[in-house]
Each structure stands twice: as structure tokens, then as C-alpha cells.
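**Student:** Turn this into a structure:
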Amino acid sequence: MPAACPLSTHHLAQLASDIKQWGQELGFAAIGITDTDLRAEEPALAAWLAADYHGDMHYMAQHGMMRARPQELHPGCLRVISARMDYLPTNARFTRQLNDPTHGYISRYAGGRDYHKLLRQRLKKLGDKIAQVLSTYSEFSPDYRPFVDSAPILERPLAQKAGLGWTGKHSLLLNEHAGSWFFLGELLINLPLPVDAPNQQDCGACTACITSCPTAAIVAPYTVDARRCISYLTIELDGPIPLEFRPLIGNRIYGCDDCQLVCPHNRDAPLGQEPDFQTREVWQDSQLLSLFAWDEAQFLSRTAGSPIRRIGHRRWLRNLSVALGNAPSSPDIIAALKAKLIEFADDAMLTDHLTWALTRQQAPADHARRKTARLIRIIEKGLSRDA
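**Tutor:** Okay, here's the model as predicted:
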């Protein structure tokens, strides 16, 4: 049985205040503290899983309700220290990439270093700092464990309970002053720290995120069917992208930010201060044909340390094939698709997407040829009559 914490209420309050200061020194924009009680979230989680909205993300259902029970994930945990780190890059170039169908759009969170390791390291440093300071005036040794989007835990409800924001209708966490361009992480700890007041704000009557979703993935306020979400389709889905969604994906080759781009709370969102989250030089030129030309070695080299690397070269080409199929017809694109069809003739999934893209690319030319042929026939028929 874990030892009871001997710290007084006064010491715990001071420690909570210090933790928030230390968090900011480590680069976090905000720190909040909450208890582990997420019982109110369990019915919604169960209903979401029952509806199969998690698609092929089987890990979402694998641990049952543990996702809503942090104390089961880390036994002895009494509090969750929830942390927010802003990531919006200074050179985001949203409009330029989305509006140019010959360029690939990459979700803004993925342009720099993979956030998982960085946030986890910072959270561990925060836990180490707590333990170090406690050791100077107490024999109590805190037991803590950091988590960053890689374990069965409902991070957004915890962050809302910790006062960091509220859950928007797109299911992302929103903050009145910071919008939604931030990462979340948690430090589970066995200290009975005072908790912060939950955030009680909401989106009001706004439905901008719902109406702007290209694939209608937000099936109801606060409910996302991942099977329709472009982020899921281009990142999480391992197999073929369903035909009905391919034209709707446009030039989004890794993730989608549409629901965030239209959110009014993101108009004045702060820029991220972490250098590792700035968009890398390799993504400044995002021409589809240039990215499509990468072989596997180039893909692995140029995505080293990036979250994009996790999808692998095969899914990378799958996503680019869809974007090329949606691009304006071009002889260069047609030639590139034909070359890849020969190269990956033994890969059924890639062959499917490459063939689909090639058919789309050739359709305008075929239509033009058919139209020209019809005109020639009409003219010839008219000439024969005149004769």
C-alpha cells in the first residue's frame, strides 16, 4: 500500500504553484491540475466505440474503459498534471499550400520534430524537478509517469477538468486565447495537489468546423467518425482509402487542419516558441511531383525525426497518388504515375491508387479528344451535305 503523503495543505498549495512556474520554464504555455475522476466520460466513450467510429484504430478499444481511468493506467495516481505546448509555426503558409493543387498540404503539427518524445522528455524533467525539490524537505518520494498521446488516456477531458480549455464541437481542446494549435501531455503523480477549476466555456452556436469538414466527419457536435476524417485516412488507415473520399481529400497528403482553420478562436492564436516545431526546410517546397519522386531511402532520410515517418513510404505514395489524381491534368503527372505503376506492379494497394489517379488525370484529355472528334464528325457531315 502506497505511503500517505505527509505534506501539509500549505506545502501542497505552494508546490502546485511552483509546478506551474517550472512548467513554463520548461516551455509549456500552461499547466493545470485535476483529479483522476472521468466517470462522466465513460458513456460517451462506450457509445463512440460501439458505433465503430474508431475505424481500424483497434488500440482505442483494446483497453476498454481504462482510457477513462488514469488510476488503472498508473496505480496510486491521485492527480493529473496537464500541460499545453503551443506549436503553430511562424511560416505556416496555410493558404498557399491548400489553394495550390500542385503542392501537397501537410498538417501544421507535422512540419517539425515529432512532438511525442519532446513533450515526454519535458514532462519527465518536470517530474524530476518535483522529486528533487521534495527531497530537500520531505522523505516522501513521488511516483510519477509522463504520457503524450501514446497511452490509453482521455487527455482532452483531463485538460478541460484542469482548466486548460474546453472541448470544441470538432472534439479538439479549445482555449479562448490560444485556440487549438497546441499539444497536450500529462504527468500522472501520487501527490494530492489542489486541483484547478474546470473550464466551463463552450462553442455557443458556432458550427464552422462542422460545415467546413471536407468529408463530413463531424457527424454531430463533439462527435467525429474517424473513418471519414482525412487525418485518419491519410495517417492512421493502413489499407486503401475508400473511393468516395479520394476526390474530397484534395491535396492533403498528411493530415488535415480545416476544422481548425475556420475556428474563430484560432484567428489570434499565439505562435509556437519551440524551435523544433518550426516547419523544416524540406517542406518549404512541397510540389507533389517532387515528393512523389522520393524513393524509400530518401523518404526515410528526409522524414527522420518527423511524425510523417511513421506512415512509411508505401502510404506516403498512396496519399500522394490521391493528391495527384485530384491535381490539374498534366503530362508530367501522367508520366510519373505510369512509371510508378511499373515500379510497384506487385503492390495491389498502390496499383489501385495509382490507376485511380491515372484515370483521373487522363479523363480531361479523353474528354477533350472525344469533344474534338465529335466536332470533326459534325463538320464532315456538314461538308458531305454541302457537297
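**Student:** other SSEs contacting the one helix or strand Leu188 maps to?
**Tutor:** Secondary-structure element containing Leu188, defined by DSSP states H and E: strand 182-189. Identification of packing neighbours for strand 182-189 by 3 or more C-beta pairs under 8 Å, 6 or more residues apart in numbering; DSSP states H and E yields helix 70-73, strand 79-86, helix 115-135, strand 144-147, helix 155-161. The way it works is simple: take the backbone N, C-alpha and C, and place the C-beta from them, glycine included.
**Student:** in the stretch 251-387 of the chain, which spans are strands?
**Tutor:** Listed from the start of the chain, the stretch 251-387 of the chain has strands (DSSP state E, counting those that start in this stretch) covering 252-254.
**Student:** Low-confidence ranges, it, go.
**Tutor:** Where the stretch 251-387 of the chain drops to pLDDT under 70, the residues are 364-387.
**Student:** tell me the mean pLDDT over the strand holding Leu188?
**Tutor:** For strand 182-189, the per-residue pLDDT values average out at 97.
**Student:** quick one: that strand to strand 79-86, angle?
**Tutor:** Using axes from the mean of the first three to the mean of the last three C-alpha atoms, to 10 degrees, one finds that strand 182-189 and strand 79-86 are set 160 degrees apart in direction.
**Student:** so which of the helices and strands packed on strand 182-189 comes closest to Ile189?
**Tutor:** strand 144-147 (4.2 Å; C-beta to C-beta).
**Student:** ok, the closest one: who's next to it in the sheet?
**Tutor:** Counting by DSSP bridges, the strands paired with strand 144-147 are strand 182-189 (antiparallel).
**Student:** Can you name the next helix or strand after the strand it pairs with?
**Tutor:** Using DSSP H and E, the next helix or strand after strand 182-189 towards the C-terminus is helix 208-212.
**Student:** what sits up against that next one?
**Tutor:** Applying C-beta atoms under 8 Å, 6 or more residues apart in numbering, the contact partners of helix 208-212 are Gly168, Lys169, His170, Ile218, Pro221, Asp258, Cys259, Gln260, Leu261, Val262, Cys263, Pro264.
**Student:** switch the cut-off to 10 Å
**Tutor:** The contact list for helix 208-212 (C-beta atoms under 10 Å, 6 or more residues apart in numbering) reads 168-172, 174, 180, 203, 216-221, 224, 258-264.
**Student:** Would you pull up how far that helix lies from the middle of the chain?
**Tutor:** Distance, stretch centre to chain centre, for helix 208-212: 17 Å (C-alpha atoms, centre = their mean, to the nearest Å).
**Student:** That helix: what's the following helix or strand?
**Tutor:** Proceeding C-terminally, helix 208-212 gives way to strand 218-220 as the next helix or strand, assigned by DSSP H and E.
**Student:** and the helix or strand following that next one, which strands flank it?
**Tutor:** The element immediately downstream of strand 218-220 (helix or strand, assigned by DSSP H and E) is strand 223-224. Strand 223-224 has the following strand partners under DSSP bridges: strand 218-220 (antiparallel).
**Student:** Verify the stated contact: Leu49 with Pro43.
**Tutor:** No: under the contact definition of C-beta atoms under 10 Å, Leu49 does not touch Pro43, with a separation of 11.0 Å.
**Student:** neighbour count winner among the two?
**Tutor:** Neighbours per residue, other C-beta atoms under 10 Å: of Leu49 and Pro43, the larger number sits with Leu49, 15 against 10.
**Student:** Centre of the chain to the helix or strand where that one lies, how far?
**Tutor:** With elements taken from DSSP H and E, the one containing Leu49 is helix 42-50. The chain centroid and the centroid of helix 42-50 are separated by 21 Å, computed with C-alpha atoms, centre = their mean.
**Student:** And stretch 113-132, by the same measure?
**Tutor:** Worked out by C-alpha atoms, centre = their mean, stretch 113-132 lies 21 Å from the chain centre.
**Student:** which parts of it are buried?
**Tutor:** Neighbour-count burial for stretch 113-132 flags 113-116, 118-120, 122-123, 125-127, 129-130 (criterion: 16 or more other C-beta atoms under 10 Å).
**Student:** what do you get for stretch 315-331?
**Tutor:** Along stretch 315-331, the positions that meet the burial threshold by neighbour count (16+ other C-beta under 10 Å) are 315-327.
**Student:** List the ones among these that fall in helices.
**Tutor:** Arg315, Trp316, Leu317, Arg318, Asn319, Leu320, Ser321, Val322, Ala323, Leu324, Gly325, Asn326 (DSSP state H).
**Student:** Please name the residues that touch the fifth one.
**Tutor:** Spelled out, it's Asn319. With C-beta under 10 Å, 6+ apart as the criterion, the residues that contact Asn319 are 104, 230, 233-235, 237, 241, 249, 251-255, 291-292, 308, 311, 353.
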